Every structure is written in C-alpha cells, then in structure tokens.
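[1] Have a look at this prediction, sequence included:
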Amino acid sequence: MKQVRVRFAPSPTGPLHIGGVRTALYNYLFARKNGGTFILRIEDTDQARYVEGAEEYIMESLEWCGIVVDEGIREGGNFGPYRQSDKKAIFRQYADILVDKGDAYYAFDTPGQLESLRSEAEKAGKTFIYNAEKRDGMSNSLSLPEAEWRDKLDKGEPYVIRYKMPANEDISFEDLIRGQIVVNSSTLDDKVLFKSDGMPTYHLAHIVDDKIMEISHVIRGEEWLPSLPLHIMLYRSFGWDPPAFAHLPLLLKPDGKGKLSKRDGDKMGFPVFPLFWPYGDTAKGYREDGYFPDAFINMLALLGWNPGTEQEIFSMDELINSFSIDRVGKSGSRFDPEKARWFNHQYLQHRSNTELALEFRDLLRTRGYHDDIVKLEKLVALVKERVSFVKDIWTQTDFFFKAPDTYDQDAVKKRWKDDSPKLLMELKLLLTDILDFSASSAEKAINEWTIKNGYNTGAIMNAFRLVIVGSLRGPHLFDIIGWIGKEETLKRIDKGITVLSKY
C-alpha cells in the first residue's frame, strides 16, 4: 500500500453532524492503523452557505473527540492552503485545462431558463437532465458559433463551466465497501465545475485538492456515491490515477426509517451534534449533555463498523488497532439513543471516584454548595452505579445537601402511619444519645432498639427515610445520615414530623 494520506473535508455551513464526526473518526482510525496522515481541509467554496463560526466549531469538535489533526489550518503542513477559498486561482487553472482539452465547456444559460426547463419536464412527468442529449439545444460553447460565445465572454456575460459527460458510456469503478459498480453516462448530467461567482464547485475543487495533497484514500459518506462516476471521469480527463474510494453507510433515525436529523433529536430529546451550537437555530451537543468524549467516540465507531468480536468497549488505541475498512457495512446504521446512554454509563463506572468527584464539585459550586473532595469521593461511591452522567449524581444526592422541601405524596399515603410521629420521636431520642454517629454505629443502635421493642423495622425505616430524603429513593439510609451528620438528621426528623403530621 502506498503512503496513506486521508482527509476529512467538511463545509463550514453549520454545526457538524455526528455522521460527519463518524466520517472523521473512520478516516483518523484508518490513518493511524496504517501509519498514515490525517488531514483536515475546509471546503468553503459554497460562499452563499458559509456560516460564521462553523470552521472553529469543526476544529473544536474534533479536538474534544480526541481526533488529532496532522495537517490543517492550525497545524500547517506542506500541502496547503488547507482552506479551499484561499486557492481560487489554482482551481480556475484546472477548469481551463479541461476546457482546452474539450472535456468541459462554457454554459451561458440563466437560472431562470434552467428553472423553466425543469418545470416543463416535471409537468410532463419527466426529469430535465443537462446532458449529451440536451446540451446542443442550450446556450453554451458547444452549441453556439465560436464568435458568438467568445463575444459573450468578452462582454462579461455570466457563465459556468460544465463537464462534458460522454454519451452512453459505461463507467466502471471500485468501492472498498460496495465492490464493483457500473453506471451508464446517459443517466448523468453535465455537472457545473466552476460557478459564475468565480468559485469552483465541490466536484472540481476536491478532485484537484486531493491530487495536490496526494490523498491516497477518500473515505466519505454514501451521499457522494452518485457523484463518483463524474469524479472518476474527471480523474481520467486530467490523466491522474484516482485514489481508493470508500463510501460509508448512513446514520439512520432510531426507527431505521431515513437519515438521522436534528429534528429527530429535538423530538426525542437527544443531540445530533458533538457540541452545543450557539448560532441562529441553536442546538444541544453531546459535550454539554454530559457525555464523555471517549464514550461518544466508542458509540460512534460501532455505528457502521463491526469488530468481528463481542467486544463493545474500546479505547481509542484499541479502535485504531482493530479498525479495518472491510468490516464497515453497506447498509445504514440505526442510531439508538438508549445505547448511547449505556456507553456513557459504562465509561462513568470506569472513572475513578476522584475524577467524578472533581467534576461533580464543579457542578455543586454552580449551585452554591462547597464540600471537600474526600467527602465527595465517598458520596460518589454511594451512587455512581445508579447514574449515566455526572449531572445525574445531583438528582441522586440532592438530599445530601439540603433538607426536603416537599414530601412524595404517594410514599406518604403508603408509608406514613398514625404511629409514625411517636416512633420517630423515640428514634430521635435514641439518635441524640449516640456519640459515634457513623453509619455503622447508628445502624447497630437502631437495629438493637427495634428488636428490643419488637417494632416493625420496615415501617420505621420507611418513615425515617421519608423525613430525611422526602421520598423513598436514595442509597443506604445510614450512609445518608452518617454523611449529613447528627445535627442535620435531628432537624429533618423534627421538620418531617411537623409537616407530615398534618396529613
């Protein structure tokens, strides 16, 4: 295999979809597995759709994901510029080469004329295709006398440069995922290569850029598969050997019906972008939703690629060592938001209590609570198996920091009995006299008290949990009172008796 050089080449037209992140990831894994180079190229030739901030968003997203760029705008390299709008003149030279060879031509048809032809064809139940069958009846340098079309150029009339697709020719090519593909050119149109605004289209720009940057493999989404015959023809026109191609399957909606979109995420409450998108129509991101980047990457890697084993949890190094293009599937991969949460849960369980406590401490500080890290480590250890996100630790432990403001009504109806106030007052007196208020000491004293008096342990403990927590949730009750301390425990008993005795 020749030196591997791959590129991720997004357009800065908005937030980066997780399908794009997966494309970047597969390119990165392939490069690292084969000792190659991973390039980030910004394809901003469509200036009308350019969105301020999108370029920085793309780079920040890859950085958060742990996808390290070898060559790019920030990193530099010997094959730049790495932003396509910085080399318009270069692309124009290559467009002129195709015109001079007779493989491309000037077209002067106005947008209005083309739209009219499309509408007429649609009314007739057909599709208008600007191709070998139609081009001679259009306004271009193939149909017009040379003097006339040259006069149009001299006068500065708007024009585009179109590729001259041959008539009725089978175009054969190989895809690393889909195998041999044959397409007849009669089904293809004469694509625009260079626009009236002086910018190349994707079709020309990426071919030229891939050649200049010595790209060995083009790994991209399957939405570009229909354009591949044109790209193969462009390589042939320039006399260049094409790179190897691999077109990745789509990421599908959770129900498997159609491509995953922002609308699906909005409707079902999950992100479809790696980071929060702060511009215009804002959108949530995996980072801000509390996902660990390595969990996010692990989840994405398995959406389309099968390692051939039962293993599901992979570090980045393990993904690199295991990845191969031939284990990428052809069919679309259904996105499962619950599976995404499962991955984050797995990664959270493997985080140390110290790591989690540090993150949780930052969250607590935003709520006005301050505790030392050693104490928070103990708290995290009590609940980490119950949560999938660090932010969920708060919902599992809020009662460690504040007395309940309300009491779960269903629990009160089921567990608060007529004798609950009397029993809790006795319990309070017992707890008041305990000198060692550790969880184990308090538990031992209460167990001995209930046995001695023949009390129903379940009834007492349910009422006790209600006044301490406000509901029947939470970890071992004695761990809770040991953490909040005697004074706070006694206060909550008094408050609970006062409030709940009214019911």
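    Cool, got the structure. Numbering: from 1, shown residues only.

[2] Show me where the stretch 51-200 of the chain has its helices.
    54-65, 88-101, 111-123, 146-154 (DSSP state H, counting those that start in this stretch).

[3] Tell me which of these sits most buried.
    helix 54-65 (a mean of 20; mean count of other C-beta atoms under 10 Å). (Glycine included, C-beta is placed from N, CA and C.)

[4] Report the distance from it to the chain centre.
    11 Å (C-alpha atoms, centre = their mean, to the nearest Å).

[5] what do you get for stretch 274-283?
    12 Å.

[6] List the buried residues for it?
    274-277, 283 (16 or more other C-beta atoms under 10 Å).

[7] Start and end of that stretch, how far apart?
    10 Å (C-alpha to C-alpha, to the nearest Å).

[8] now stretch 314-326
    With C-alpha to C-alpha, one end of stretch 314-326 sits 19 Å from the other.

[9] Distance check, Ser172 against Leu204.
    22 Å (C-beta to C-beta, to the nearest Å).

[10] who has more neighbours, the two?
    Per other C-beta atoms under 10 Å, whichever of Ser172 and Leu204 has more neighbours is Leu204, with 27 against 11.

[11] Tell me if I'm right that the more buried one and Gln93 touch.
    No - contact between Leu204 and Gln93 fails when scored by C-beta atoms under 8 Å: they sit 10.9 Å apart.

[12] Low-confidence bits of the chain, can you list those?
    1 (pLDDT under 70).

[13] and it, what are its domains?
    351-401, 409-500 (automatic domain parsing).

[14] Let's have those in TSV, adding distance to Tyr57 and mean neighbour count.
    Listed next are those as TSV, based on distance: least, C-beta to C-beta, whole Å; neighbours: other C-beta atoms under 10 Å:
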stretch	distance to Tyr57	mean neighbour count
domain 351-401	23	16
domain 409-500	39	16
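
[15] Redo these as TSV? Include distance to Met299.
    As requested, the domains of the chain are exported to TSV (distance: least, C-beta to C-beta, whole Å):
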stretch	distance to Met299
domain 351-401	12
domain 409-500	28
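
[16] With respect to Pro111, which of those lies nearest?
    When the domains of the chain are compared by C-beta to C-beta, domain 351-401 sits nearest Pro111, at 49.3 Å.

[17] That closest one spans what distance, first to last residue?
    Start-to-end, domain 351-401 (C-alpha to C-alpha) is 23 Å.

[18] now stretch 307-322
    7 Å.

[19] Show residues contacting it.
    Contact with stretch 307-322 is made by 29, 32-33, 66, 294, 297-298, 301-302, 327, 343, 346-347, as judged by C-beta atoms under 8 Å, 6 or more residues apart in numbering.

[20] List the buried residues for it?
    307, 314, 316, 319-320, 322.

[21] Just the strands from the chain, written as ranges.
    In the chain, the strands defined using DSSP state E lie at 5-8, 37-40, 104-107, 160-163, 170-175, 179-184, 192-194, 217-221, 244-248, 251-252, 333-334.

[22] Return stretch 475-491 as PDB; C-alpha atoms alone will do.
    Extracted in PDB, the C-alpha atoms of stretch 475-491 (Å, rounded to 0.1, in the frame of the first residue of the first chain):
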ATOM      1  CA  PRO A 475     -28.800   4.700  48.800                       C
ATOM      2  CA  HIS A 476     -28.500   3.000  52.200                       C
ATOM      3  CA  LEU A 477     -30.200   5.300  54.700                       C
ATOM      4  CA  PHE A 478     -27.400   5.000  57.300                       C
ATOM      5  CA  ASP A 479     -24.900   6.200  54.700                       C
ATOM      6  CA  ILE A 480     -27.100   9.200  54.200                       C
ATOM      7  CA  ILE A 481     -27.400  10.200  57.900                       C
ATOM      8  CA  GLY A 482     -23.700   9.400  58.500                       C
ATOM      9  CA  TRP A 483     -22.900  11.900  55.700                       C
ATOM     10  CA  ILE A 484     -25.200  14.700  56.800                       C
ATOM     11  CA  GLY A 485     -24.400  14.300  60.500                       C
ATOM     12  CA  LYS A 486     -26.400  14.100  63.700                       C
ATOM     13  CA  GLU A 487     -27.500  17.800  63.900                       C
ATOM     14  CA  GLU A 488     -29.000  17.800  60.400                       C
ATOM     15  CA  THR A 489     -30.600  14.400  60.900                       C
ATOM     16  CA  LEU A 490     -32.400  15.500  64.000                       C
ATOM     17  CA  LYS A 491     -33.500  18.700  62.300                       C
END
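
[23] So which residue is dead centre in this structure?
    Centroid-nearest residue in the chain: Ile18, 3.0 Å away (criterion: C-alpha atoms, centre = their mean).

[24] what's the closest non-adjacent residue to that one?
    Val272 (5.7 Å; C-beta to C-beta, 6 or more residues apart in numbering).

[25] Pro274 is in contact with the residue nearest to the centre of the chain, correct?
    Yes - the criterion here is C-beta under 8 Å, and Ile18 meets it with Pro274 at 6.5 Å.
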